[in-house]
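A.B. asks: attaching a predicted model along with its sequence, questions to come.
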There are 2 protein chains.
Amino acid sequence: MDAVTRIERALNASMDLAASPGSPPRLAEAMRYAVFPRGARIRPRLCLAVAGACGDDQPGLTDAAAASIELLHCASLIHDDLPCFDDAATRRGKPSVHRAFSEPLAVLAGDAMIVLAFQIMARAAAGAPQRLGGLILTIGDSVGMPHGIVAGQGWESEPRCDLAQYQQQKTGSLFAAATAAGAAASGANPDEWRRLGDRLGEAYQVADDIRDAVSDEEELGKPIGQDAAHHRPNAVALFGLDGAIDRLRALAADAVGAIPSCPGAADLRAVILLETQRLLPRSLAARAA
Amino acid sequence: MDAVTRIERALNASMDLAASPGSPPRLAEAMRYAVFPRGARIRPRLCLAVAGACGDDQPGLTDAAAASIELLHCASLIHDDLPCFDDAATRRGKPSVHRAFSEPLAVLAGDAMIVLAFQIMARAAAGAPQRLGGLILTIGDSVGMPHGIVAGQGWESEPRCDLAQYQQQKTGSLFAAATAAGAAASGANPDEWRRLGDRLGEAYQVADDIRDAVSDEEELGKPIGQDAAHHRPNAVALFGLDGAIDRLRALAADAVGAIPSCPGAADLRAVILLETQRLLPRSLAARAA
């Protein structure tokens, strides 16, 4: 089964669990709306790619870890779009969750998806219970305090903020968790796999800053110019557009170099190269070539 | 060490983890503000009481489970107080988190505390990794979808809602988790302990409805009349005040009868009786005697 099929199947199973009889139907619908149709699924694909390189001897646990990471990513988008943060009207080319449903349902959908991420890992760990603790710490630490996504968002409420630390927490942490969790689910040492995810996360954040600055709204599927409008720290403001593109290329090269030696390293290198080539908007692809 | 000391120590340790160097200080401060000074801590005290009756052979795991339950309870209060839900200005006699800090920090503090609940259980499970999965399911299912607190709050956005199901999910589920988790952390069968928590949770919800209807704001420490103002289903509207008080007494008796036979049953019975006597507001204590 290919990676996308595995990921969509695991996400569907988690949404079916949430929508079990006796659950509030509109909240279940809001959760499904936030997860489908699929976005790039870059984080769960990374998780599966690393698990594959590490043997993937517990595929059910790998799938749960990958789905968990995507649920946490989607939950952070829902809350980030709320009126008290970005007040974004659109996401992935359709109305944001609070616009399509309501603000209460958007808050609750995010909350429920955070919890669901841990519920599905615990359910999938019966075959390898000794791996559950490490997996939950790998993923939980990348989302919560002191250094996960929520911490990164928290820096937006501080008077001063270090750009590298902010981006590492807000974006890099879940990428590092994606590669480390792929290893942990397969019984490999997660720490050897963090640098790969870390570099990819930084590359992704720089690419996101570039897209926010230069894309048109139709291509991006969400409002543009949000960083400038909200005075958020970003790589284009800091390095200029050409400097940001240079930085993106250096990070992508560093990521490929950070793959530990393992039987599946060659295949994984090809996947990583493909992922990093997809990061730039079409209008800049020639300039970066 | 007494229960309150254990609980406060475990909650303090979790807040210290959240406030580690490199974390955003105002968010860490908002989390601590939401957790201290202590509320009644009724759920974690129940968890510890049941663990004690079951042998409590992994006290570190018990403490983490109890703190986890309180963190999840506090997180639900923070989000419930937000402008898009109750828009509550006060909580436990002081400004609500979004009033004292900001709406973004209130959303993030709730999110971070949900994640922290799972981080601390995974950290504490090293001595009994085979208990972690069951503990996370017990607690996670009581908070998320399809039947936990978030599901209960979700029913407030539905056109129709069954009162018993709504209250069971919004309040009863975390009480049932408190007793079941105390058992699970001690290696006992959590399912035998759910009915005790379930009945206590229903009693607590009925008592909360009564307090919301008849207390003064100073005694309650938060705005009164919220159920009527938000047209929320509640026991006083459904049964009348005397009927609600009768129901509370029947539920308390049922809870005491639901304690499974175990070596610590007599001590536990005394704790439960004390807890249920504390539920009514002072102005009604004579009426219910």
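C.D. replies: Right, received. Where do you want to start?

A.B. asks: and the residue of the stretch 151-289 of chain A closest to chain B?
C.D. replies: The nearest approach of the stretch 151-289 of chain A to chain B comes at A:Gly154, 3.5 Å away (Cβ to the nearest Cβ). Any C-beta I mention is one placed from the backbone N, CA and C, and that applies to glycine too.

A.B. asks: contacts only, for that residue.
C.D. replies: Applying Cβ atoms under 8 Å, 6 or more residues apart in numbering or on different chains, we find A:Gly154 in contact with A:Met145, B:Ser23, B:Pro24, B:Arg26, B:Leu27, B:Leu105, B:Leu108, B:Ala112.

A.B. asks: that one: which element?
C.D. replies: According to DSSP states H and E, A:Gly154 maps onto helix A:149-154.

A.B. asks: list the contacts for the closest residue to A:Pro44 other than its chain neighbours?
C.D. replies: Excluding the flanking residues, the one nearest A:Pro44 by Cβ to Cβ, 6 or more residues apart in numbering or on different chains is A:Ala66, at 3.6 Å. Shown in contact with A:Ala66 (Cβ under 8 Å, 6+ apart): A:Arg6, A:Ile7, A:Ala10, A:Arg43, A:Pro44, A:Arg45, A:Cys47, A:Leu48, A:Ala51, A:Ala178, A:Ala181, A:Gly182.

A.B. asks: in a markdown table, list these along with secondary structure.
C.D. replies: Putting the contacts of A:Ala66 into a markdown table (DSSP: H, G, I helix; E, B strand; the rest coil) gives the following:
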| residue | secondary structure |
| --- | --- |
| A:Arg6 | helix |
| A:Ile7 | helix |
| A:Ala10 | helix |
| A:Arg43 | helix |
| A:Pro44 | helix |
| A:Arg45 | helix |
| A:Cys47 | helix |
| A:Leu48 | helix |
| A:Ala51 | helix |
| A:Ala178 | helix |
| A:Ala181 | helix |
| A:Gly182 | helix |
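
A.B. asks: and which of the residues you listed is nearest chain B?
C.D. replies: A:Ala181 (12.8 Å).

A.B. asks: do I have it right that the closest one meets A:Leu137?
C.D. replies: No. Counting by Cβ atoms under 8 Å, A:Leu137 is not a contact partner of A:Ala181; they are 10.0 Å apart.

A.B. asks: of those two, which one has the most company?
C.D. replies: Taking other Cβ atoms under 10 Å in any protein chain shown, A:Ala181 and A:Leu137 do not tie; A:Ala181 has more neighbours (34 against 19).

A.B. asks: please tell me how far the nearest residue to that one once chain neighbours are set aside sits from B:Gly144.
C.D. replies: Nearest residue to A:Ala181 in three dimensions, chain neighbours excluded: A:Ala65, at 4.4 Å (Cβ to Cβ, 6+ apart). Using Cβ to Cβ, to the nearest Å, one obtains 17 Å as the distance from A:Ala65 to B:Gly144.

A.B. asks: which of these two has more neighbours?
C.D. replies: A:Ala65 (34 against 27).

A.B. asks: residues contacting that one?
C.D. replies: Listed by Cβ under 8 Å, 6+ apart, the contact set of A:Ala65 reads A:Cys47, A:Ala51, A:Met121, A:Ala124, A:Leu135, A:Ile139, A:Ala181, A:Gly182, A:Ala184, A:Ala185.

A.B. asks: find the nearest non-adjacent residue to A:Gly133, please.
C.D. replies: Among residues not flanking A:Gly133 along the chain, B:Ala122 sits closest, at 4.7 Å (Cβ to Cβ, 6+ apart).

A.B. asks: just to revisit the earlier point, same list, the contacts of A:Ala66, but as TSV with pLDDT and distance to A:Val206 please.
C.D. replies: Below are the contacts of A:Ala66 laid out as TSV (pLDDT from 0 to 100; distance: Cβ to Cβ, whole Å):
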residue	pLDDT	distance to A:Val206
A:Arg6	97	29
A:Ile7	98	25
A:Ala10	98	29
A:Arg43	95	16
A:Pro44	97	21
A:Arg45	95	19
A:Cys47	97	21
A:Leu48	96	24
A:Ala51	96	26
A:Ala178	97	17
A:Ala181	98	23
A:Gly182	97	23
